[in-house]
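**Student:** Here's a sequence, model it:
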Amino acid sequence: MSKDEPITGVPGRFWHLLEDGRIQCDLCPRFCKLHEGQRGLCFVRGRQDDAMVLTTYGRSSGYCVDPIEKKPLNHFMPGTPVLSFGTAGCNLTCKFCQNWDISKSREMDRLADAASPEMIAAAARKLECRSIAFTYNDPVIFHEYAVDVAQACRAVGVKSVAVSAGYVTPEPRREFFANMDAANIDLKAFTEGFYRKVCGGALAPVLDTLLYLKHETAVWFELTTLLIPGENDSAEEIEAMTRWIADELGPDVPMHFTAFHPDWKMQGLGRTPSETLTRARAIAQANGIRYAYTGNVHDSEGGSTFCHGCGTRLIGRDWYQLLDWSLDADGHCRTCGARCAGVFEAEPGTWGSRRLPVRLAPRRSAENSRTGQGQRSA
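**Tutor:** Predicted structure coming up:
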């Protein structure tokens with residue numbers, strides 16, 4: 001928490017006053033307790049004039065049109081473009097964070113674009129994106145902004161995707177996911193020790209979020225686990241994780257095992273061998289997970305979708321490029337008729353593997369103006 005600078009922003013919700021005069025943020029399981037002028041660990045929520053404020057409402061960065069598979073979502077409108085963006089800050093402290101320059105940012109002015117929810121929805125329509133994605137940092141910490149953006153997008157027929165660690169308390173979770181169409185939840189490991197030591201959080205609230213999504217919502221969701229050598233990649237841990245998922249969430253929740261590369265505070269470790277990802281995928285499949293994938297490596301087999309009924313390759317992939325399509329208009333295997341779980345359309349999208357940076361508003365500084373060269377304006 002910090003009192004380094006004045007706090008300004010829009011009113012935030014999910015907090016209450018404590019008997020000792022502090023206010024407690026109830027958005028996530030950290031329950032930060034703040035004196036006047038202090039910020040929570042996420043840095044974007046703070047106390048000003050005896051109330052909670054969100055400092056990043058309408059201040060976003062990194063706008064880019066991506067393939068939906070990059071989120072990663074392999075069973076949600078495959079091949080379609082998604083308008084991705086994030087803000088600053090995070091409510092976890094993962095030592096391996098691969099977006100640390102955004103999620104750990106303490107410089108609000110580096111957020112180049114000021115965009116209202118309606119501007120984002122209009123941009124998504126103009127760019128012919130089927131969905132928008134809150135990504136790069138966790139959207140639960142900018143709850144009010146994310147919900148308003150999702151509602152504006154829903155009003156014009158654009159779907160919303162949350163890329164999140166699922167570290168959120170029950171009351172805001174209900175409202176947040178009621179406005180989302182899909183999610184990728186980052187299940188960082190399957191031990192409390194890893195969450196406490198490496199992420200500064202806890203596993204139990206994340207598992208509770210997964211159970212909530214499966215049993216109490218219609219949100220399509222997939223899981224991602226970044227396998228870090230010597231930290232969360234043992235066969236025993238992957239065995240326990242995938243058994244729990246199969247038993248508690250069912251066989252149809254896709255899992256993505258992705259490769260670690262040295263970053264932020266974990267520079268001393270090596271990259272994840274592709275064999276580790278292949279082994280994890282095999283363990284998941286042996287435990288009944290129908291759709292298990294490898295990521296961050298070139299592995300067409302591990303990146304493709306296969307029918308659980310007959311083994312036909314339903315969706316072939318080479319990185320983010322779709323190769324084969326063996327689903328009918330209702331998402332059934334054209335060979336045996338088995339239903340592939342997911343949200344599919346009659347034909348796959350044709351966006352391919354392109355990445356298109358875009359701008360929604362004028363740059364705020366000369367430095368940002370320089371870095372914006374080559375971008376398309378929406």
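**Student:** What are the phi and psi values at the residue nearest to residue 65 when sequence neighbours are not counted?
**Tutor:** Of all residues not flanking residue 65 in the chain, residue 356 sits nearest, at 4.1 Å (C-beta to C-beta, 6 or more residues apart in numbering). In short, each C-beta sits where N, CA and C put it, glycine included. When read as degrees, to the nearest 10, the backbone of residue 356 gives phi -120, psi 100.
**Student:** shouldn't residue 356 be in contact with residue 64?
**Tutor:** Yes: contact criterion C-beta atoms under 8 Å: residue 356 and residue 64 qualify, at 6.5 Å.
**Student:** isn't residue 47 right next to residue 24, touching?
**Tutor:** No: Residue 47 is not in contact with residue 24 according to C-beta under 8 Å; the separation is 10.1 Å.
**Student:** Spell out which residues are contacts of both of the two.
**Tutor:** Shared contacts of residue 47 and residue 24, defined by C-beta atoms under 8 Å, 6 or more residues apart in numbering, comprise residue 34.
**Student:** For those two, indicate the residue with more neighbours.
**Tutor:** Between residue 47 and residue 24, residue 47 has the larger neighbour count (other C-beta atoms under 10 Å), namely 25 against 16.
**Student:** If the more buried one is in a bridge, with which residues?
**Tutor:** Beta-bridge pairing for residue 47 (DSSP bridges): residue 52.
**Student:** In contact with it, which residues?
**Tutor:** Going by C-beta under 8 Å, 6+ apart, residue 47 touches 7, 23, 34, 35, 36, 37, 38, 39, 53.
**Student:** let's go with 7 Å and repeat that
**Tutor:** 23, 34, 35, 36, 37, 38 (C-beta atoms under 7 Å, 6 or more residues apart in numbering).
**Student:** same question, residue 290
**Tutor:** 251, 252, 308.
**Student:** Report the beta-bridge partner residues of the residue nearest to the spatial centre of the chain.
**Tutor:** Geometric centre of the chain, nearest residue: residue 163, 1.2 Å, by C-alpha atoms, centre = their mean. Note on residue 163: beta-bridge partners by DSSP bridges are residue 184.
**Student:** That one is in contact with residue 133, isn't it?
**Tutor:** Yes: using C-beta atoms under 7 Å, residue 163 makes contact with residue 133 at a distance of 6.0 Å.
**Student:** can you list residues touching both of the two?
**Tutor:** By C-beta under 7 Å, 6+ apart, the residues touching both residue 163 and residue 133 are residue 71.
**Student:** can you give me the helices for the stretch 101-250 of the chain?
**Tutor:** 117-126, 143-155, 170-178, 192-194, 204-216, 235-248 (DSSP state H, counting those that start in this stretch).
**Student:** So which of those helices is nearest residue 376?
**Tutor:** Minimum separation from residue 376 across the helices of the stretch 101-250 of the chain (C-beta to C-beta) falls at helix 117-126, 10.1 Å.
**Student:** How about that closest one, which residues are buried there?
**Tutor:** 117, 119, 120, 121, 122, 123, 124 (16 or more other C-beta atoms under 10 Å).
**Student:** With stretch 317-334 instead?
**Tutor:** So, applying 16+ other C-beta under 10 Å, buried residues of stretch 317-334: 317, 320, 321, 322, 325, 326, 327, 331, 332, 333.
**Student:** Now tabulate the residues you listed in TSV and tack on distance to residue 172.
**Tutor:** As requested, the buried residues of stretch 317-334 are arranged in TSV below (distance: C-beta to C-beta, whole Å):
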residue	distance to residue 172
317	35
320	32
321	37
322	36
325	38
326	40
327	36
331	32
332	37
333	39
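**Student:** With distance to residue 215, pLDDT and secondary structure added, can I get those residues in a markdown table?
**Tutor:** Shown next, in a markdown table, are the buried residues of stretch 317-334 (distance: C-beta to C-beta, whole Å; pLDDT from 0 to 100; DSSP: H, G, I helix; E, B strand; the rest coil):
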| residue | distance to residue 215 | pLDDT | secondary structure |
| --- | --- | --- | --- |
| 317 | 30 | 97 | strand |
| 320 | 31 | 94 | coil |
| 321 | 35 | 94 | strand |
| 322 | 31 | 96 | strand |
| 325 | 31 | 97 | strand |
| 326 | 31 | 97 | coil |
| 327 | 26 | 97 | strand |
| 331 | 22 | 96 | coil |
| 332 | 25 | 98 | strand |
| 333 | 27 | 98 | strand |
